[in-house]
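In: just need the structure, nothing else, for what follows:
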Amino acid sequence: MSDPLKLPHKLDPEKLTCRAIVETPKGRRSKFDYDPETGLFELKGLLPEGMSFPMDFGFIPATKAEDGDPTDVLVLNDEATPVGCLVQVRLIGVIEGEQTEGDETVRNDRILAVGCTSRLYGTISSVDDLEADFVDHLTQFWVNYNALKGKRFEVLRVGDAQAAAELIRRTSVKS
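Out: As a prediction, this is how the structure comes out:
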């Protein structure tokens, strides 16, 4: 099996599409992370009762963000996608944020995307097409998620699909 971290993300700057790998499905309390040493997805944590991931959560392969991990992605899909699934996605925006732990602050942005096969969300082409309350709840999820780990997450802004594509270009790694 190929290393998912090294798969090409295949960013198409015109269609604003690329590949993503799901680590944690929507609706799950369990948080999974890809472990490159074993090639498996490891259970890394559990959210409290009543809190779950609001969208499929994963990463863009062949990227490395400022926090040292692959660039994060949140994917809207018709149903939860299995752990480890490779998904073709269409970029719709990015949550730009800073994460602080102790005295160290790093950027920790999250790409927002729609699964290319989605029927329910197929007409969404921009983060502006989402309800404002949904976006507010989504950003608040990351504030609360980080607070549970003793970290602070500050949303700097919510950017558009072009900003998401630029983030992928900026964090791309050469193999």
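In: residues contacting residue 13?
Out: The neighbours of residue 13, taking CB atoms under 8 Å, 6 or more residues apart in numbering as the test, are 165, 169. Any C-beta I mention is one placed from the backbone N, CA and C, and that applies to glycine too.
In: the one residue sitting closest to the centre of the chain bridge partners, please.
Out: Within the chain, one residue has its C-alpha closest to the average C-alpha position: by CA atoms, centre = their mean, that is residue 73, at 1.6 Å. With DSSP bridges as the criterion, the beta-bridge partners of residue 73 are residue 58, residue 111.
In: isn't it right up against residue 92?
Out: No: between residue 73 and residue 92 no contact is recorded; they are 10.9 Å apart, counting by CB atoms under 8 Å.
In: which neighbours do these two have in common?
Out: 112, 113.
In: show me the helices in this structure, by range?
Out: Under the criterion DSSP state H, helices of the chain are mapped to 132-148, 161-171.
In: what is the neighbour count of residue 149?
Out: Counted with other CB atoms under 10 Å, residues neighbouring residue 149 total 11.
In: ok, now how distant is it from residue 64?
Out: 21 Å (CB to CB, to the nearest Å).
In: residue 160 is in contact with residue 127, isn't it?
Out: Yes: the pair residue 160 / residue 127 is scored as a contact, 6.5 Å apart, by CB under 8 Å.
In: overlap in contacts, the two.
Out: Residues touching both residue 160 and residue 127 by CB under 8 Å, 6+ apart: residue 93.
In: neighbour count for the two, which is higher?
Out: Just comparing residue 160 and residue 127: by other CB under 10 Å the higher neighbour count belongs to residue 127, 21 against 17.
In: separation between the nearest residue to that one once chain neighbours are set aside and residue 78?
Out: Distances taken as CB to CB, 6 or more residues apart in numbering put residue 93 closest to residue 127, at 3.1 Å, once the chain neighbours are dropped. As for residue 93, its distance to residue 78 is 19 Å (criterion: CB to CB).
In: much appreciated, bye for now.
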